[in-house]
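*Asks:* I'll drop the sequence and a predicted model, then ask my questions.
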Amino acid sequence: MKLKKFGGTEKKVYDIVKPITDELGYFLWDVSYVKEGAMWYLRIFIDCDEGITIEDCEIVNAPVDQALDEADPIPQQYMLEVGSAGLERELLREEHFEVCMGDKVRIRLIRSVDGEKEICAYLRGADKNELTVADDDGNERVIKLEDIAFVKLWFDFE
């Protein structure tokens, strides 16, 4: 199950970087390759149970940079950035939904469903066609993936 389609470059980089992050004890959350203005950015998002620090990003950056230089999967010049997936990270891959089961998520819908365009609820289940979520009272509902714009972890800052 994927909510996001990954381009060929992102897939190649993911395959190069994943063994490195695994060996270093980090979870590779996502790879993003985007053009902003005149510059291309390759962003590697990592996570671990203790949270991510700047030092963690530096630890991952050096071997990833070396591996990418050796494999040379990207023909044009780009800026490499390694960072945290963030508290309110987007869930994009099957493994994201697995590790976030039971967590509160914010779901933005493409179009209103039962008068709602956004839902905050606890993730109870996920498959290739739908998500099952429950509200604070435990009432469950099923949402089709085709109706979802994005799913992000929800963190109540209050």
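*Replies:* That came in fine, so what should we check first?

*Asks:* hey, what's residue 83 bridged with?
*Replies:* Beta-bridge partners recorded for residue 83 (DSSP bridges): residue 45.

*Asks:* test my guess that it contacts residue 58.
*Replies:* No - contact status for residue 83 versus residue 58: not in contact, 11.1 Å apart, counting by Cβ atoms under 8 Å. Where you see a C-beta, it was placed from the backbone N, CA and C, and this is true even at glycine.

*Asks:* tell me which of these two has more neighbours.
*Replies:* Neighbour totals were compared for residue 83 and residue 58, and residue 83 leads with 16 against 10 (other Cβ atoms under 10 Å).

*Asks:* would you mind measuring from the more buried one to residue 125?
*Replies:* The gap separating residue 83 from residue 125 is 30 Å, by Cβ to Cβ, to the nearest Å.

*Asks:* where along this protein do the strands fall?
*Replies:* 27-36, 39-47, 79-84, 104-113, 116-126, 130-134, 140-144, 148-153 (DSSP state E).

*Asks:* closest one to residue 62 among those?
*Replies:* Nearest to residue 62, of all the strands of the chain, is strand 79-84, at 9.5 Å by Cβ to Cβ.

*Asks:* so which bits of the closest one are buried?
*Replies:* For strand 79-84, the neighbour count (16 or more other Cβ atoms under 10 Å) marks 82-84 as buried.

*Asks:* give me the low-pLDDT residue ranges for the chain?
*Replies:* Scanning the chain for pLDDT under 70 picks out the ranges 1-6, 158.

*Asks:* how does it look with 50?
*Replies:* Scanning the chain for pLDDT under 50 picks out the ranges 1-2.
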